[in-house]
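Visitor: return atomic coordinates for the entry below.
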Amino acid sequence: MNAFKIAGIFLQMVFVSTFAAVAAAPHPNVVVLLADDAGWGDYSRNGNQQVSTPHIDSLARDGVTLDRFYVCPVCSPTRAELLTGRYHPRTGVRGVSTGQERMDLDERTIAEAFQAAGYATGAFGKWHNGSQWPYHPMARGFDDYFGHTSGHWGEYFDAPLERRGRMERTQGYIVDVCTDEALAFIGLHRAKPFFCYVPFTTPHSPWAVPEEDWKRFQDKPITQLATQPAQENLDHTRCALAMLENQDRNVGRILDKLAEFELADNTIVVYFSDNGPNSARWTGGMKGRKGSTDEGGVRSVCFVRWPARLPRGRTVPHIAGAIDLLPTLTALAGVARVGDKPLDGRDLSPLLRGTAASPWPERMIFSTWAGRVSVRTQQHRLDSTGALYDMAADPGQTRNIAGEQPELAARLGQAVADWRTEMFGTDAGAKPPRGQAVDPRPIPVGYPEFPITMLPARDGEPRGGVRRSSGAPNCSYFVNWTDLEGHMVWNLDVQTTGNYEAVIDYTCPIRDAGSEIELSFGANRLRGSVKPGWDPPLYTNQDTLPRPSGESQMKEFRPLTLGTIRLEKGAGPLTLRAVEIPGGSVMDVRRVTLTLAGS
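Guide: Purely as a prediction, here's the structure:
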């Protein structure tokens, strides 16, 4: 046998044994960490000298940095793109509250893919893609859930949070509490592969942070200023950075737990944010912030660490986005995708590993919000007004070159027009529903596998003189219920005919206790009395800085058990009204909870 044959047989044996070893290797764990409203410039890794984020920075040092990574201008759209690998308008997500944040039920998620592959799956923090079953995270691929399913949450200390459908009062700062739950999940499932999603609530307002973190910043000079410094509130900057340092400490706790259980080497850890900064602060000179489709509104950090398989300290310059995470993470983990809808994202694993063919295929990434659309190529951005910028030469978008390169501007403009049509139809454009109008899709109620349905004020419609406690619906409650004309409505789709226990979370001045109220659906009615009175003070000691005027001051609500109402299968309005008001008001209402008790 000649040397070439021997060598060939040897290489074949090496290939077979290597393939067998790879096939037999345990699936990696996956931990996805998502910041809420953190900008690209909020990290020491990116040159911010006013903050220290060593644990988050370590993910870049020990893993791969996606240097041009794009998310959506606001929260729930980015989360939908992470979960589905598809642009959020395709998924039914068109807002951030009042039901507009829900993903269509025929969408399949990254969690479902890992769940189908035998992973334990858990989510701990801010969900923001639908609250009621089957929009609930536990119906979208997660075995376990703890946190708040809505967007903005008005209580950061000792917050009431949901555990698998039931509310419970917690103790401590919300980021610390949700991290505790994630750590418990990792410990419980450390002997098998797990997918752990930790969507943090910070640095989203309200401006509330533990005192130990605030003390480091309250008198700190801010020397790196926003691109438009006149718009910057320095105390907001200080508080956001204090929140980031608290979050960094919690990222460190998760990394330490992985190391303690000797899981770090075979765990993929991803960290990114859901949109640009929620206040005007330093972004390295980029234009735009949260809500904007310009670079500063949609560029995020993204770090991917997997010590066993990914190079250390690698930087990927190619444009990428949240839509890429589903195909990339399933490919890295060797997990089959669930669902067959066309993906908008790409598998970036060759770029992460450094094995991608050159050149990498060109692409465009689109960003949309509030009727505006912009498009990013590797070198250029066409903004929502049709202005064209060379992002390599002019990262701050200061000089419109559309007149100098009309053909490129026209080509990108046509791409935007085509994308609009594909996403929204020929007559729509990208305009969202009117204001905070309640989404017309009804709220499903009555699934035996998840019999509890919470109906927060956020998802209902105030009628008559009743109004919300603030302009931001997500953590609002109904107030100003003073007459018989006032009432509130939730649009339901009852899945199971049966008896439902009805509980109202309420407050009521002591002197006004005793109103008679009626809950109705179709021909069925349930009456009860608002008593005893319960009139707690507003929380005024939780906030580090004054709460923005559009956000509700919160208080302690108590449950009022109204009784049992018969709901017949079918769609229609659930109405809560008063039939007798002996005092000056009826009550304030945070939510109605319906629990299917039996048919």
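Visitor: any weak-confidence spans in the stretch 251-400 of the chain?
Guide: Scanning the stretch 251-400 of the chain for pLDDT under 70 picks out nothing.
Visitor: so which residues of the stretch 151-300 of the chain form helices?
Guide: With helices called from DSSP state H, counting those that start in this stretch, the stretch 151-300 of the chain shows them at 174-188, 211-215, 234-260, 295-298.
Visitor: mean neighbour count, these: which tops it?
Guide: Most buried of the helices of the stretch 151-300 of the chain, by mean neighbour count (mean count of other Cβ atoms under 10 Å): helix 295-298, with a mean of 28. (Each C-beta comes from the backbone N, C-alpha and C, glycine too.)
Visitor: rewinding a little: got the helices of the stretch 151-300 of the chain as a markdown table, with distance to Trp40 columns?
Guide: Shown next, in a markdown table, are the helices of the stretch 151-300 of the chain (distance: least, Cβ to Cβ, whole Å):
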| stretch | distance to Trp40 |
| --- | --- |
| helix 174-188 | 20 |
| helix 211-215 | 21 |
| helix 234-260 | 12 |
| helix 295-298 | 7 |
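Visitor: pLDDT score assigned to Asn2?
Guide: Model confidence at Asn2, given as pLDDT, is 45.
Visitor: my error: substitute Gly429 in the last question.
Guide: In this model, Gly429 carries a pLDDT of 48.
Visitor: show the contacting residues for the residue nearest to Thr377 when sequence neighbours are not counted.
Guide: Leaving out its chain neighbours, the residue that sits closest to Thr377 by Cβ to Cβ, 6 or more residues apart in numbering is Met364, at 5.6 Å. By Cβ atoms under 8 Å, 6 or more residues apart in numbering, Met364 lies in contact with 375-377, 412, 415.
Visitor: one more pass at 6 Å, please.
Guide: Taking Cβ atoms under 6 Å, 6 or more residues apart in numbering, we find Met364 in contact with 375, 377, 415.
Visitor: pretty sure Ala117 sits against Val335.
Guide: Yes: counting by Cβ atoms under 6 Å, Ala117 touches Val335, with 4.4 Å between them.
Visitor: more neighbours: the two, which one.
Guide: Val335 (22 against 17; other Cβ atoms under 10 Å).
Visitor: the more buried one touches Ala111, doesn't it?
Guide: No: counting by Cβ under 6 Å, no contact exists between Val335 and Ala111, whose distance comes to 11.0 Å.
Visitor: helix, strand or coil: sort out Ser58 for me.
Guide: helix (DSSP: H, G, I helix; E, B strand; the rest coil).
Visitor: grab the nearest non-local neighbour of it.
Guide: Leu255 (7.2 Å).
Visitor: likewise Leu34?
Guide: Pro199 (4.3 Å).
Visitor: confidence score at the one you found?
Guide: pLDDT, Pro199: 98.
Visitor: how close does it sit to Ala182?
Guide: In this view, Pro199 and Ala182 are 10 Å apart by Cβ to Cβ, to the nearest Å.
Visitor: what do you get for Phe194?
Guide: Phe194 is 10 Å from Ala182, by Cβ to Cβ.
Visitor: same check, this time on Trp282
Guide: With Cβ to Cβ as the criterion, Trp282 and Ala182 are 29 Å apart.
Visitor: so where do the helices sit in this protein?
Guide: Here the chain has its helices, by DSSP state H, at 3-24, 54-61, 75-84, 110-116, 174-188, 211-215, 234-260, 295-298, 325-333, 349-353, 406-424.
Visitor: hang on, isn't the residue nearest to Leu34 packed against Ala35?
Guide: No: at 8.5 Å, Pro199 does not count as touching Ala35 under the criterion of Cβ under 6 Å.
Visitor: now the strands for the stretch 51-200 of the chain?
Guide: 64-70, 120-126, 144-148, 160-163, 166-169, 194-203 (DSSP state E, counting those that start in this stretch).
Visitor: what's the spacing between the spatially closest residue to Cys196 that is not a sequence neighbour and Phe185?
Guide: Once flanking residues are discounted, Cys196 sits nearest to Val31: 4.7 Å by Cβ to Cβ, 6+ apart. Separation of Val31 from Phe185 (Cβ to Cβ): 10 Å.
Visitor: what is in contact with those two at once?
Guide: Common neighbours of Val31 and Phe185 (Cβ under 6 Å, 6+ apart) are Cys196.
Visitor: which ones are touching the closest residue to Glu101 other than its chain neighbours?
Guide: Leaving aside its sequence neighbours, Glu101 sits nearest to Ser76 (Cβ to Cβ, 6+ apart; 3.9 Å). Taking Cβ under 6 Å, 6+ apart as the contact definition, Ser76 lies against 93, 96, 101, 128-129.
Visitor: what would these look like in CSV with neighbour count?
Guide: Rendered in CSV, the data for the contacts of Ser76 read as follows (neighbours: other Cβ atoms under 10 Å):
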residue, neighbour count
Val93, 27
Val96, 21
Glu101, 30
His128, 31
Asn129, 29
